[in-house]
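Peer 1: sequence and predicted model, in that order:
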Amino acid sequence: MTLRLNDRYLKDFISDEDYAQIAPAIERAHRTLTEKSGAGSDFLGWTSLPDGYDREEVARIVRAAEKIRESCEVFVAIGIGGSYLGARAAIEFCKSARYNSLPKKTPDIYFSGNDLSASNLAELLELCRGKDICINVISKSGTTTEPAVAFRVFRELLEKKYGKAGAAERIFVTTDKSRGKLKELADQNGYETFVVPDDVGGRFSVLTPVGLLPIAVAGIDVYAMLDGASSAKKTYSDCDLQKNDAYKYAAIRNILLRKGKSVEIFATYESSLAMTAEWWKQLYGESEGKDKKGILPASVTFTTDLHSLGQFIQEGSRILFETVLDLLNSSDRLEIPFDETDSDGLNFLSGKDLHYVNRTAFTATAMAHVDGGVPNIVLELEKRGAFEFGYLVYFFELACAISGYTLGVNPFDQPGVEAYKKNMFALLGKPGEENERRRAELAKKI
């Protein structure tokens, strides 16, 4: 067992009749997805990736990662949204949230181009001072503001440090296979390029070159990760809710939404899983939040956040449910020591393994929250590793597609993300008659 849905904390909230009522909608969503007959059907490349990926390109990625590890101390991945969240989630999931601080034979890995903070970029440049650097810019078009700005800064830094030809050996580009400003620039300068598939949207792209190059640089086995996704694809091929936990998860989410639970809190008990939650939030928020529909995705890391958001979850508005990623096994063992004075009154814990105590905290929390009216979906994950991450990615992507179609939206577009960009470009003076008009309109509102 790699992953299992435990529904023991849903008994008071979902009945057999609820499952029976939603089953036809799940079956329709299954047909829509497998027959590629629904909205967004031209973005279903992720469904075949685990078995049909470009093996030569993945081999090139592995070779490029070896070259990067041998030639630099710092590797900077430049991208935003799906162009960085999945890779960062994978590295922290498989390695550690403290990856850069721990002893290792791989470069420090930083992520840039995911905001417009001058302080963040200045601090990263300072961290790079005096060190050998390689970068990977990830963008379909090359014109998205945040990564484009960061790429300008790092390209200038590398060209000053190594010369134009030397910099070209240290710049890796993941972009469209044949068009776009970034592709043109890469071809002109001789950067090694990898392809963002046309039929895979950004938030579904972690198992493409978008995510695989940074993951491979961290020394993670990308083939094992793809094998994990392939295993999940085989496991979740039957549309029977009693046999398919991914479909069951999609069904539960929609059942709870119909019962007024419009906020889903993704809860983990390990800091190494916090970025997986961030990736999950984009996946579900961008896929379902449209047409005035959807479940608001949020996340917490327990037990830390029990001391901040625990009160609201326990007794606040009854509009939420939790999805808990429960890590069954830890590779780290830490026994709580005995204290002769027992000044903190915790000698009853002495000799106990801390992971056991952490999982006991999960059980106690789930019981309390359920008693408080908060349904808990529990996803039991066997352990952390490359195979398990790939498996988990496919599980969530498949469940997201089925959930979105069941909800009645196109899970693969994101029309709403352009609104702020149009306003920002107008206010910043981007040339164009349309922006001139928009700037004049916005000026009246400021």
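Peer 2: Perfect, I can see it now.
Peer 1: so where's this structure uncertain?
Peer 2: 416-419, 426-427, 433, 436-445 (pLDDT under 70).
Peer 1: now the strands for it?
Peer 2: Assigned by DSSP state E, the chain shows strands spanning 3-6, 74-78, 108-112, 133-138, 171-175, 192-195, 263-268, 296-301, 320-327, 376-381.
Peer 1: tell me the domain ranges of the protein?
Peer 2: What automatic domain parsing lists as the domains of the chain is 3-37+226-407, 46-220.
Peer 1: looking at those domains, which is nearest to residue 425?
Peer 2: The closest of the domains of the chain to residue 425 is domain 46-220. By Cβ to Cβ, the value is 8.2 Å. Quick note: C-beta positions are derived from backbone N, CA and C, even for glycine.
Peer 1: roughly how far is the closest one from the heart of the chain?
Peer 2: Chain-centre distance of domain 46-220: 16 Å, with Cα atoms, centre = their mean, to the nearest Å.
Peer 1: ok, now stretch 383-394?
Peer 2: 12 Å.
Peer 1: what distance do you get for the nearest residue to residue 257 once chain neighbours are set aside to residue 204?
Peer 2: Counting by Cβ to Cβ, 6 or more residues apart in numbering, residue 295 is the residue found nearest to residue 257 once chain neighbours are left out, at 5.6 Å. As for residue 295, its distance to residue 204 is 18 Å (criterion: Cβ to Cβ, to the nearest Å).
Peer 1: more neighbours, these two?
Peer 2: Between residue 295 and residue 204, residue 204 has the larger neighbour count (other Cβ atoms under 10 Å), namely 28 against 21.
Peer 1: excluding covalently adjacent residues, which one is nearest to the more buried one?
Peer 2: Nearest non-adjacent residue to residue 204, counting by Cβ to Cβ, 6+ apart: residue 46, 4.1 Å away.
Peer 1: spit out the contact partners of the one you found.
Peer 2: 200-201, 204-205, 207, 397 (Cβ atoms under 8 Å, 6 or more residues apart in numbering).
Peer 1: and the helices in the stretch 201-350 of the chain?
Peer 2: For the stretch 201-350 of the chain, the helices identified by DSSP state H, counting those that start in this stretch occupy 209-217, 222-235, 245-258, 274-288, 310-315, in order along the chain.
Peer 1: any idea which of those helices is most buried?
Peer 2: Mean neighbours per residue, mean count of other Cβ atoms under 10 Å, is largest over the helices of the stretch 201-350 of the chain for helix 209-217, with a mean of 28.
Peer 1: which elements pack onto that helix?
Peer 2: For helix 209-217, the packing partners by 3 or more Cβ pairs under 8 Å, 6 or more residues apart in numbering; DSSP states H and E come out as helix 55-71, strand 74-78, helix 85-94, strand 133-138, strand 171-175, strand 192-195, helix 222-235.
Peer 1: would you list the ones you listed in CSV and tack on distance to residue 11?
Peer 2: Listed next are the helices and strands packed on helix 209-217 as CSV, based on distance: least, Cβ to Cβ, whole Å:
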stretch, distance to residue 11
helix 55-71, 44
strand 74-78, 43
helix 85-94, 30
strand 133-138, 44
strand 171-175, 46
strand 192-195, 47
helix 222-235, 24
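Peer 1: so which of these is nearest residue 270?
Peer 2: Closest approach to residue 270 among the helices and strands packed on helix 209-217 (Cβ to Cβ): helix 85-94, 9.1 Å.
Peer 1: does residue 116 touch residue 146 like I think?
Peer 2: Yes: Residue 116 is within contact range of residue 146, at 5.9 Å (criterion: Cβ atoms under 8 Å).
Peer 1: more neighbours, those two?
Peer 2: Shown here are residue 116 and residue 146; by other Cβ under 10 Å, residue 146 has more neighbours (20 against 12).
Peer 1: against residue 200, how distant is residue 300?
Peer 2: Taking Cβ to Cβ, one finds residue 300 at 29 Å from residue 200.
Peer 1: OK, contacts around residue 229?
Peer 2: If you count contacts by Cβ under 8 Å, 6+ apart, residue 229 has them with 49-50, 207, 390-391, 393-394.
Peer 1: just name the closest of the residues you listed to residue 233, please.
Peer 2: residue 50 (4.9 Å).
Peer 1: I figured that closest one hits residue 208, correct?
Peer 2: No: taking contacts as Cβ under 8 Å, residue 50 lies outside contact range of residue 208: 11.3 Å.
Peer 1: can you work out which residues contact both of these two?
Peer 2: Both residue 50 and residue 208 lack any common contact, where contact means Cβ under 8 Å, 6+ apart.
Peer 1: need the residue closest to the centroid of the chain.
Peer 2: When Cα atoms, centre = their mean is applied to the chain, the residue found nearest the centroid is residue 279 (1.9 Å).
Peer 1: residues contacting that residue?
Peer 2: Contact analysis of residue 279 by Cβ under 8 Å, 6+ apart lists 85-86, 88-89, 203, 206.
Peer 1: over to residue 320?
Peer 2: Per Cβ under 8 Å, 6+ apart, neighbours of residue 320: 261-265, 298, 313, 374.
Peer 1: ok, residue 395 next?
Peer 2: Neighbour list for residue 395: 3, 232, 236, 245-246, 249 [criterion: Cβ under 8 Å, 6+ apart].
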